[in-house]
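Trainee: based on what follows, work out the 3D shape:
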Amino acid sequence: MNHAPFSAGYRASGVLLHVTSLPSPYGVGDFGPSACAWIDRLAAAGQSWWQVLPLGPTGYGNSPFEPHSTFALNPLLLSPDWLIEDGLLTANDAAGHSFSADQVDFEGALSFKQALLQQAWKNFRAGDRAHLRPAFEAFCRDQAYWLEDYALYRALKAEHGGGLFLEWPAELVRREPSALARARERLAEAIDRRRFTQFLLFRQVERLKGYARDKHVGLIGDLPFFVALDSSDLWANPELFLLGDDGRPSFVAGVPPDYFSPLGQLWGTPIYDWEAHQRAGFQWWINRLKALLSRVDLVRLDHFRAFAAAWHVPADALTAQTGEWQPGPGAEFFKAVGAALDGLPLIAEDLGLITDDVRELRDEFALPGMRVLQFAFDGDPKNLMLPENFVENVVAYTGTHDNNTTRGWYESLSHAEQETIWKYLQRPDGDSHKIADALVRLAWSSRAALAMAPLQDVLGLDASARMNVPGDPEGNWTWRATAEMFLSPAFERLRVWTEETARHAPPGDRPWIAK
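Mentor: Have a look, this model is predicted:
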């Protein structure tokens, strides 16, 4: 089996934009018409790829990287327009609301969509669109391996005021069969409604993926390495994590102290019991990847370094200083996954503290790593983020969802640092309005197999358009594009640069298997 995601000489490009950031009249972007319009815009600009962030149901802080389930989809992403088209709602059901056009209204949009879902469920139970009943029942059977636990978990969570499941009655935390049976009987309607919500979401994302394929645009998804403490994944699979007798994590994840963070970073997410995963043939992870690959064509593995080794911090520690490196699953994991998937459609997020064992694991399976141009200009000619140091099998980014916009980053630099960048680019000193275009062109002209830029950089937006500030739990993920932005002449410039740099390879049916 050839593991390489990109064949030799492959050259393509695309844009990073999370689904929530799409324009829509409903307070948040969704899987419906605006997503199709975005795919049209990408195709017209000659782009082969659309990258999104994790699509799961978000919890505290609205972070897509801490979902309540690694398998479920976020109800916020459901398209009211397509529910109306399906005949499950009327246009009047979705009328009479007003939301911000340029910021996600998480609270308002969630309340609005929950009301729509309740109405759609009521109509469906009353017999509307009865032709969907066999498909719904088939979906429940096919997805039962995660859906049953997730639907029960969400119903129980609502019953207990939305609190962390570890605060539920002990018999529910321990998943005693008799207690779960009583809960399923007591909450039967609420469980069915959550199954139905996921059915609708899966229908819509399947339709969207088909639309993208018809337009020759591939989809890149994102898989967080860890799962959230407050998740059905932990509640339903305690045997796969390092937990104490009370069901609480013995260790939590983080990263060690460094120059930027003297106390390290304490994430608080539970740690995997890799011996248990190995005994099970890594089946939970294989299911996880298969679920995501039913929605996208390629997967970015977040925090790839943890597959080699992760920083384990005692659960009672107040900082990440007392942690230690513990080995991850290593090559055995990727051998099992590659055999199950008939390949490895994966991109390795190899940023941060990357040691030889991480690089060796990445290269053993020919996984493309990431190069981020905002990290390139520290004056070190050996900096791997400089284009002259790229290998072909990488994905080049101007910045990521965790970076400031390129213009915002540039405007935060000293004058001397700004001069260094223009000198490297062999151009007269420019102003901040030109820097994003310059770095997009630099990424596109590099030897990287794939070049990507956030939409904010394509449009040259300032720091007010930043998506996320790592370490800051509030005020993130709210930026949205407006419909007018899709009319920007920047897309024509992007099309021209894509042609000039020969980045026109379509994704194909299975682009991650080298031909």
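Trainee: and the nearest residue to Ser21 once chain neighbours are set aside, how many neighbours does it have?
Mentor: Nearest residue to Ser21 in three dimensions, chain neighbours excluded: Arg480, at 5.0 Å (CB to CB, 6 or more residues apart in numbering). The way it works is simple: take the backbone N, C-alpha and C, and place the C-beta from them, glycine included. For Arg480, the neighbour count with other CB atoms under 10 Å is 23.
Trainee: low-confidence ranges in the stretch 151-300 of the chain?
Mentor: 259-260 (pLDDT under 70).
Trainee: now the helices for it?
Mentor: 170-173, 177-186, 188-214, 232-236, 274-279, 283-293 (DSSP state H, counting those that start in this stretch).
Trainee: and what of the stretch 301-450 of the chain?
Mentor: Secondary structure of the stretch 301-450 of the chain (DSSP H, counting those that start in this stretch): helices located at 330-341, 356-364, 406-411, 415-425, 432-445.
Trainee: hey, which of those helices is tucked in deepest?
Mentor: helix 406-411 (a mean of 22; mean count of other CB atoms under 10 Å).
Trainee: before we move on, the earlier item: how about the helices of the stretch 301-450 of the chain in CSV, adding distance to Ser34 and mean pLDDT?
Mentor: Shown next, in CSV, are the helices of the stretch 301-450 of the chain (distance: least, CB to CB, whole Å; pLDDT from 0 to 100):
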stretch, distance to Ser34, mean pLDDT
helix 330-341, 31, 97
helix 356-364, 36, 97
helix 406-411, 25, 98
helix 415-425, 35, 95
helix 432-445, 23, 97
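Trainee: okay, these in TSV with distance to Lys113 next?
Mentor: As requested, these are arranged in TSV below (distance: least, CB to CB, whole Å):
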stretch	distance to Lys113
helix 330-341	33
helix 356-364	39
helix 406-411	31
helix 415-425	43
helix 432-445	33
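Trainee: out of the ones you listed, which is closest to Cys36?
Mentor: Among the helices of the stretch 301-450 of the chain, helix 432-445 comes nearest to Cys36, with 24.4 Å by CB to CB.
Trainee: tell me which of the helices of the stretch 151-300 of the chain lies nearest to Gln418.
Mentor: Closest to Gln418 of the helices of the stretch 151-300 of the chain is helix 188-214 (CB to CB; 38.0 Å).
Trainee: off-centre distance for that closest one?
Mentor: Centroid separation between helix 188-214 and its chain, computed with CA atoms, centre = their mean, to the nearest Å, is 18 Å.
Trainee: who are the packing partners of that helix?
Mentor: helix 33-44, helix 80-85, helix 106-125, helix 133-142, helix 144-159, strand 218-223 (3 or more CB pairs under 8 Å, 6 or more residues apart in numbering; DSSP states H and E).
Trainee: the longest one: which residues count as buried?
Mentor: Across helix 106-125, burial judged by 16 or more other CB atoms under 10 Å covers 106, 108-110, 112-113, 116-117, 119-121, 123-124.
Trainee: pLDDT below threshold where in the stretch 1-150 of the chain?
Mentor: With pLDDT under 70 as the threshold, the stretch 1-150 of the chain has low-confidence stretches at 1-4.
Trainee: try 90 this time
Mentor: Applying pLDDT under 90 to the stretch 1-150 of the chain flags residues 1-5, 7-8, 59-61, 96-97, 128.
Trainee: circling back: so which of the helices and strands packed on helix 188-214 is the most packed in?
Mentor: Across those, averaging neighbours per residue (mean count of other CB under 10 Å) puts strand 218-223 on top, at a mean of 22.
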